[in-house]
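Participant: Fold the following for me, if possible:
(one chain, ligands or ions: 1)
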Amino acid sequence: MTISIGRGALFAAAALTSLSIASNLSAHGDVTPQAVDTSALPDIEGGNDNWLSENPYTGNAKAIEIGESAYGQNCARCHGLQAISGGIAPDLRYLEPGASGDEWFVERFRHGSSHDGKVYMPPFGDVLGQKAGWAIRAWLETKYTDE
Ligand code: HEC
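Facilitator: Residues are numbered from 1 along each chain as shown. Predicted structure coming up:
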């Protein structure tokens with residue numbers, strides 16, 4: 001009996017949390033992934049069947065421009081405008097620069113994050129593709145801070 005009350009309370013808490021996240025999300029706009037036009041960027045050999053672990057577009061001005069817009073349409077509603085988090089998701093300005101940050105970035109971008117059957121961040125790898133992912137990362141690198 002005690003156990004079932006405990007579980008009920010947990011589920012209620014989880015439902016409340018997802019409700020408040022959902023209303024935050026709609027306040028920031030559309031939740032459907034927005035396609036990103038990456039045709040101006042160099043192709044990555046193997047496309048989405050061959051994910052790199054380091055950003056091929058670091059410092060590429062065109063990638064940074066595309067990445068900024070792609071971020072605004074797909075990530076800002078959770079991670080905040082200009083990558084400044086409002087608190088519902090991590091502040092991506094603090095993502096480590098360089099190869100280890102790249103690896104962690106692409107892992108989350110591709111697969112998202114779920115715990116106990118609840119989706120905290122949806123996967124983007126298949127919907128936006130590798131070129132868009134690295135373009136976003138290229139833009140985020142320009143926002144990096146360690147303060
Ligand atoms: C529905 C909300 C949501 C959206 C949309 C979203 N994220 Fe996330 N993201 C999260 C949450 C929540 C976490 C933390 C997950 C965890 O710790 O398990 C996270 C974690 C991350 C991390 C790891 C950060 C760290 O410090 O460990 C990266 C990188 C990331 N997201 C990138 C992106 C990118 C790029 C986009 C857009 C293409 C995006 N996210 C869209 C909610 C979101």
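
Participant: A89: which element?
Facilitator: Under the criterion DSSP states H and E, no helix or strand holds A89.

Participant: tell me which helix or strand of the chain sits lowest on mean pLDDT?
Facilitator: Within the chain, no helix or strand scores below helix 2-27, which has a mean of 46 by mean pLDDT, DSSP states H and E.

Participant: any idea which helix or strand comes after it?
Facilitator: Assigned by DSSP H and E, the successor of helix 2-27 is helix 61-74.

Participant: Run the chain-centre distance for that next one.
Facilitator: 13 Å (C-alpha atoms, centre = their mean, to the nearest Å).

Participant: That helix and the ligand, are they touching?
Facilitator: Yes: using C-beta under 6 Å from any ligand atom, helix 61-74 reaches the ligand at N74. Where you see a C-beta, it was placed from the backbone N, CA and C, and this is true even at glycine.

Participant: Hmm, G72 and L81 touching each other?
Facilitator: Yes: contact criterion C-beta atoms under 8 Å: L81 and G72 qualify, at 7.3 Å.

Participant: domains for this structure, by residue range?
Facilitator: 1-31, 33-143 (automatic domain parsing).
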